[in-house]
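**Q** using only what follows, build the 3D model:
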Amino acid sequence: MRIGIGFDVHKFKEGRKLILGGVEVEHNRGLAGHSDADVLAHAIMDALLGASGLGDIGIYFSDIDMKYKDISSLKLMEEVRKKMEARGFKIENIDTILILQKPKVFKYFEGMVKNIADTLGIDKGRINLKATTTENLGFCGRGEGIAAQAIALLK
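**A** Now for the predicted structure:
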C-alpha cells in the first residue's frame with residue numbers, strides 16, 4: 001500500500017470558466033492557469049503521482065509547454081493514470097477537499113465524482129469529495145482563489 005498527498009492553489013481570473021473536477025461551475029470568474037486550471041484535478045494527480053513515486057505534475061505537464069495550453073485537466077489525469085498503472089498500482093481510494101468561500105459547489109459533486117471516476121477507471125465509491133470555507137480568512141476566504149487537497153491510497 002502506498003499513500004500520496006496532493007495540494008494545489010489557483011487564483012481567480014476574470015474571463016475564464018470555472019472548472020472543478022471537469023465540471024463547469026457557475027461563477028463570475030474562473031481560475032488562472034496554463035491548462036483549464038482545475039485545482040481539484042491537479043491535487044488528485046499530485047496525490048496519485050506521489051503515491052506512485054513519480055514526482056509531481058510539473059515534471060510531466062510544463063506550464064510553459066503550449067501543447068497543454070487550456071487543455072482539460074481530465075486529459076492530463078488520464079496520462080497520470082497510465083503512468084501509475086505502468087508501475088503496477090491500482091487505486092484503493094481518493095479523499096479530497098476543496099477550500100473556497102464561494103461559489104457553493106455541493107450541487108456539482110455528483111458530476112465531479114463521475115468525471116474523476118470515469119477518467120481513472122474506478123468505481124465512484126472509491127472517491128470522496130468534500131468542500132469547506134475558511135470562514136472568510138486567508139486568500140480563499142477573501143475570494144481570491146481556490147485550494148484543493150487530496151490523498152490517495154494505492155495498492
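**Q** what stretches of the chain score poorly on pLDDT?
**A** Applying pLDDT under 70 to the chain flags no residue at all.
**Q** what helices or strands is the helix or strand containing Ile116 leaning on?
**A** Using DSSP states H and E, the element containing Ile116 is helix 109-120. Contacts defined by 3 or more Cβ pairs under 8 Å, 6 or more residues apart in numbering; DSSP states H and E place helix 109-120 against strand 23-25, helix 39-52, helix 73-86, strand 91-99, strand 127-132. Glycine gets a C-beta too; all of them are placed from N, C-alpha and C.
**Q** dump these into TSV; add distance to Asp8 and mean neighbour count as well.
**A** Listed next are these as TSV, based on distance: least, Cβ to Cβ, whole Å; neighbours: other Cβ atoms under 10 Å:
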stretch	distance to Asp8	mean neighbour count
strand 23-25	16	17
helix 39-52	4	26
helix 73-86	10	18
strand 91-99	10	20
strand 127-132	15	18
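**Q** which positions in the host helix or strand of Gly6 come out as buried?
**A** Taking DSSP H and E as the definition, one finds Gly6 inside strand 2-13. For strand 2-13, a neighbour-count test (16 or more other Cβ atoms under 10 Å) marks Arg2, Gly4, Gly6, Phe7, Asp8, Val9, His10, Phe12 as buried.
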